[in-house]
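Q: Turn this into a model:
(one chain, ligands or ions: 1)
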Amino acid sequence: MTATIIDGKKISEIVREEWKERADKLKAKGVLPGLAVIIVGDNPASKLYVNNKIKACHDVGLHSEVHDLPEDISEKMLLKLIDELNQAKKINGILVQLPLPKHIDENKVLEAIKQDKDVDGFHLYNVGALMTGNTVFPPCTPFGVMRMLSYCDVPIAGQNAVVVGRSNIVGKPMAMLLLQEDATVTICTSKTKDLISHTKQADILVVATGRPEMVKAEHVKEGAVVIDVGINRLESGKLAGDVDFDEVKEVASMITPVPGGVGPMTITMLVANTVMAAERDSGNSPSD
Ligand code: NDP
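A: Below is the predicted model of the structure:
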């Protein structure tokens, strides 16, 4: 079997168009959705991610602004800026690009973002809402994966879904969203014994470990749908996922490539969450 490649770039363009229509409806009523992105320091990968996020906002016609802060900014100053953005009328969504420098308490910063503007969905309130099935802002990467699966008509209810990785930004919320759609979900970690025995059961396998190409053909059941969240820069400069694409595509029925898979979807779902925040703020539902 050679898998169908899930074209995340193409799907993200289609999904982005849906959200552009929703943004246009708001704009026609005088509401311009706005996103503020805060970046601290000079991490090149973070800069690239932020540029892509801002570009996506431009493409959809949203207001966006970047607050580029020096590496040695104090936690107090950062919290002050968040407080100002929490109150700013033209800002519906606030995103703090992670990771932050070590002298800043990441949790404290994420908790300072007003819940209604927490478009990354990392505030404890939004994490709890996701846990109880009352999701307000689904974290962008897992949200993008779910949208991709639905676009590709992948059945989820009753399927075995295995998520490899349990980070707060990918693995855990991914598992919760799959569970909400009635998958039977297993989460694997670096401590899991006999990883293959779990991954081999997966109808849907989502891998988010940050370990380049660790999932091989032997991990994957014939016909499984494989979603590779990983983005790793190899020494050669090439980008690689957490899945050995060349091997696994011969076993899976569908697979996401890296780049061009989950990455573009993540950015599109940030646009989606920002438009949703503006709809809620302004009391406009999408059907208005
Ligand atoms: P983290 O490092 O926060 O988490 C990695 C997880 O993988 C941990 O839970 C860890 O287990 C688990 N893990 C590591 N090694 C193994 C192993 N050998 N077997 C099973 N589990 C393992 O990473 P993130 O979740 O933040 O990111 C994961 C990947 O996804 C990275 O490549 C990152 O760049 C990428 N990413 C891509 C995004 C996109 O838009 N496409 C967005 C966000 C991230 P334990 O908890 O036991 O340590």
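Q: use CA for all of it now, contacts and neighbours both
A: Fine.
Q: Kindly report the residues of the stretch 101-250 of the chain close to the ligand.
A: Residues of the stretch 101-250 of the chain lying close to the ligand by C-alpha under 6 Å from any ligand atom are 141, 164-167, 169-171, 188-191, 208-210, 229-232.
Q: mind redoing it with 8 Å?
A: 140-141, 164-171, 188-192, 195, 207-212, 214, 228-232, 241-242 (C-alpha under 8 Å from any ligand atom).
Q: Can you tell me which of those residues end up in helices?
A: Secondary structure assignment by DSSP state H places 140, 141, 171, 195 of those in helices.
Q: need the contact list for the closest residue to residue 217 other than its chain neighbours.
A: The shortest distance from residue 217 to any residue other than its chain neighbours is 4.5 Å, reached at residue 248 (C-alpha to C-alpha, 6 or more residues apart in numbering). If you count contacts by C-alpha atoms under 8 Å, 6 or more residues apart in numbering, residue 248 has them with 215, 216, 217, 220.
Q: Give me the phi and psi angles of residue 248.
A: phi -70, psi -30 (degrees, to the nearest 10).
Q: now it: how far from residue 228?
A: Plainly put, residue 248 is 11 Å away from residue 228 if you go by C-alpha to C-alpha, to the nearest Å.
Q: picking up where we left off before, kindly state the pLDDT recorded for the residue nearest to residue 217?
A: pLDDT, residue 248: 98.
Q: How about the one 4 residues further on?
A: Turning to residue 252, the model gives it a pLDDT of 98.
Q: Of the ones in helices among the residues of the stretch 101-250 of the chain next to the ligand, grab the buried ones for ChimeraX.
A: Entered in ChimeraX, the line below selects the buried ones among those, by 16 or more other C-alpha atoms under 10 Å:
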select :140,141,171
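Q: List just the nearest of the ones in helices among the residues of the stretch 101-250 of the chain next to the ligand to residue 108.
A: residue 140 (20.5 Å; C-alpha to C-alpha).
Q: State the distance from the closest one to residue 185.
A: Taken as C-alpha to C-alpha, the span from residue 140 to residue 185 is 20 Å.
Q: What of residue 272?
A: 26 Å.
Q: neighbour count winner among these two?
A: The neighbour comparison of residue 272 against residue 185 (other C-alpha atoms under 10 Å) goes to residue 272, with 25 against 21.
Q: Which residue, other than its chain neighbours, is closest to the more buried one?
A: In space, residue 272 is closest to residue 19, 5.9 Å off (C-alpha to C-alpha, 6+ apart).
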